[in-house]
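A.B. asks: Build me a model:
(chains A and B)
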Number of protein chains: 2
Amino acid sequence: MAIRAAQPLLGKSCLVLGAGGFIGWNLVHRLRDDGAAVIAFDMRPAPDGCPGDVEWVEAGLDDHECLSALVRRADTVFHLASSSTPSSANADPAGDVGNSILPALALLDMLAESDARLVFVSSGGTVYGPDVPVPTPETAPTDPINAYGVSKLAIEKYIAISRRQRGLDAIILRVANPYGPHQNPLRGQGAIAAFLHRALTGEVIEIWGTGEVIRDYIYIGDLTAALSASAIYDGPHGLFNIGGGSGLSLNDIISKIEPLFDTPLQVERKPGRPLDVPASILDISRALEHLGWRPETRIETGLSQTLDWLRGVIAPRS
Amino acid sequence: MAIRAAQPLLGKSCLVLGAGGFIGWNLVHRLRDDGAAVIAFDMRPAPDGCPGDVEWVEAGLDDHECLSALVRRADTVFHLASSSTPSSANADPAGDVGNSILPALALLDMLAESDARLVFVSSGGTVYGPDVPVPTPETAPTDPINAYGVSKLAIEKYIAISRRQRGLDAIILRVANPYGPHQNPLRGQGAIAAFLHRALTGEVIEIWGTGEVIRDYIYIGDLTAALSASAIYDGPHGLFNIGGGSGLSLNDIISKIEPLFDTPLQVERKPGRPLDVPASILDISRALEHLGWRPETRIETGLSQTLDWLRGVIAPRS
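C.D. replies: Sure thing, here's the model as predicted:
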């Protein structure tokens, strides 16, 4: 692996759309550490503790005038903003089309007027189909397992057209399930955050089905490293899988969490129907070879750091 | 090839969405000839000469109450309705999302409440990428060449999810460039209709570039036969390429049209940039083997029948 410059993004201006979200807020810090000038864009006000040198812009993606002015100032635009979650998108695919695809199309028009690179976070867990090799390479067929995956895939395709027809400079990352500090454990996304939260508050952890369903988890610090690397990547690829490099079952997670607590976890197993995709793991060979990146955080370390953060924001009951 | 029943759709109720369009109007007649009871749905009023036994419903796809009542009465729903064309979709992708994807999502919800089969006409000319084998099989990667292809592909993916999650019975046809009677030669779609119209009115036929770009053309009668066959197909496949089985260049078309006229065609060649996809031909092996269908109309016959129709609707100047 190449030796990393201390501040590889020094002199670069980075615009983070969705800076107040789980990935965005971690990315803001990472980009700043890597030397970038950071413009943070979100509908929400700046969180407490936002560094003074981060330019926080409180606006929505539909404020095209504001957004296009910021795009023109940026070297790299990270598009993480989405009001959709997998469950909200599946419950209301039409709403998701409006929340996800339409703002992305408007952004692509703005980018066509600028020289900025786009880094788009797509969904490694949903764009591939149920019948793909595991681990799954970028070249596998894309038959999204749900509506969330369809809109992400559609945006990928619009990006590809803009790349061919308007010379857009764009990198797409198909990202596995991120976990780590600042992930809201109550939002229904992320088994790790939910389990740690329940363990910490003494609530019962419910596991539906056998618990043997395998998913790919990536520590947030490793994901933001891949995002930062995408800002300076100089090569032929426009699409990378970004994951932890291996998979964990829910039972694996339970057994890794258990030692972090003094008392046994309360786990309740409930009958559940078999899921479409029993195992989903991304093949990250391309990123390992070409992006100058690898996931460096062991699951034990990641869980421990996530738990430390959760302890800081929650008053434990046990 | 299996011997075809005289009226294979006898006793079936077929709903045609977009019945007033080029494909739809031809399909209405084909389904009727095949014995189906036809409900024709279109924003436009019934064309002159609409057979009395066709139930014509003048309404828009946004009239959900009307549409869902019709869906409940149908055995097969043919979704051909679209206010987008390739050029309008590319000029305004966001508008195309609203015109194409959102009505399709609403239709899928209605179909989830019924037992009807959906037959969806997708775009064989735009959903595949620029770097695919030619002829192109259904298994080739899908990297749409334009926004029109992205929305068609997204609808395909939503259909696939509805199939898996809600048991939808659906057949998707990725269709080549149809030509034949009732294609509007002035709408900017279809080189054959445009060339024949110009030849007939004594206008100059303009060819941009070398004229060697190859596309796949299918006679409308062969396409409606494939659509009709899709209503009764009973097998494992949910996706078929439907094309003419071979390709024609613009120069080929000119040389096939020329003998149909007494005087030489006026052709003007203009410099043009090379297109993304120099040759696009669909591999129709799967349909030949499984759908009980094959394209039967020779190009000479198809051109001649199209010209006959055009002569009937246009006052010739030469």
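
A.B. asks: tell me which element residue A:268 is part of?
C.D. replies: strand A:267-270 (DSSP states H and E).

A.B. asks: Quick check: buried residues in the helix or strand just after that strand?
C.D. replies: Counting by DSSP H and E, the next helix or strand C-terminal to strand A:267-270 is helix A:285-290. Applying a neighbour-count criterion of 16 or more other Cβ atoms under 10 Å in any protein chain shown, one finds A:286-288 buried in helix A:285-290. C-beta coordinates here come from the backbone N, C-alpha and C atoms, glycine included.

A.B. asks: does chain B sit close to the worst-scoring helix or strand of chain A on mean pLDDT?
C.D. replies: One helix or strand of chain A scores below all others by mean pLDDT, DSSP states H and E: helix A:86-91, with a mean of 89. No: under the criterion of Cβ under 8 Å from any Cβ of the partner chain, helix A:86-91 makes no contact with chain B; the nearest approach is 8.6 Å.

A.B. asks: pull the CA atoms of that helix into CSV?
C.D. replies: Coordinates of each C-alpha in helix A:86-91 appear next as CSV, following Å, rounded to 0.1, in the frame of the first residue of the first chain:
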residue,chain,number,x,y,z
PRO,A,86,-34.5,1.5,2.8
SER,A,87,-37.7,1.0,4.8
SER,A,88,-39.2,4.4,3.8
ALA,A,89,-38.3,3.8,0.2
ASN,A,90,-39.9,0.4,0.1
ALA,A,91,-43.1,1.7,1.8
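
A.B. asks: Which one of the buried residues of helix A:285-290 is nearest to chain B?
C.D. replies: Nearest to chain B out of the buried residues of helix A:285-290 is residue A:286 (Cβ to the nearest Cβ; 15.8 Å).

A.B. asks: from memory that closest one sits against residue A:240, does it?
C.D. replies: Yes: in this structure, residue A:286 is within contact of residue A:240 by Cβ atoms under 8 Å, at 5.7 Å.

A.B. asks: The strand holding residue A:268 packs against which elements?
C.D. replies: strand A:205-208 (3 or more Cβ pairs under 8 Å, 6 or more residues apart in numbering or on different chains; DSSP states H and E).

A.B. asks: Pull out the buried positions in the strand it packs on.
C.D. replies: A:205, A:207.

A.B. asks: Each with direction, which strands does that strand pair with?
C.D. replies: Strand A:205-208 sits in its sheet next to strand A:267-270 (parallel), going by DSSP bridges.

A.B. asks: How about the strand it pairs with, which residues are buried there?
C.D. replies: residue A:267.

A.B. asks: Does residue A:207 touch residue A:267 like I think?
C.D. replies: Yes: using Cβ under 8 Å, residue A:207 is in contact with residue A:267, at 6.2 Å.

A.B. asks: what sits in contact with each of these two?
C.D. replies: By Cβ atoms under 8 Å, 6 or more residues apart in numbering or on different chains, residue A:207 and residue A:267 have these common neighbours: residue A:254.

A.B. asks: Kindly export stretch A:47-63 (C-alpha atoms) in CSV.
C.D. replies: The C-alpha trace of stretch A:47-63 is given here as CSV (Å, rounded to 0.1, in the frame of the first residue of the first chain):
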residue,chain,number,x,y,z
PRO,A,47,-24.5,20.1,15.3
ASP,A,48,-22.9,21.1,18.6
GLY,A,49,-19.2,20.9,18.3
CYS,A,50,-19.0,21.7,14.7
PRO,A,51,-15.5,22.9,14.1
GLY,A,52,-15.3,26.7,13.4
ASP,A,53,-13.4,26.2,10.1
VAL,A,54,-16.2,24.2,8.6
GLU,A,55,-18.6,26.3,6.6
TRP,A,56,-22.0,25.0,7.5
VAL,A,57,-24.8,25.8,5.1
GLU,A,58,-28.3,25.1,6.3
ALA,A,59,-30.4,24.5,3.2
GLY,A,60,-32.3,21.9,1.2
LEU,A,61,-31.4,20.2,-2.0
ASP,A,62,-34.3,22.1,-3.6
ASP,A,63,-32.5,25.4,-3.0
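
A.B. asks: Against residue A:269, how distant is the residue lying closest to residue A:264 once chain neighbours are set aside?
C.D. replies: Nearest non-adjacent residue to residue A:264, counting by Cβ to Cβ, 6 or more residues apart in numbering or on different chains: residue A:258, 7.1 Å away. Distance of residue A:258 to residue A:269, given as Cβ to Cβ, to the nearest Å: 15 Å.

A.B. asks: what's the answer for residue A:125, then?
C.D. replies: 23 Å.
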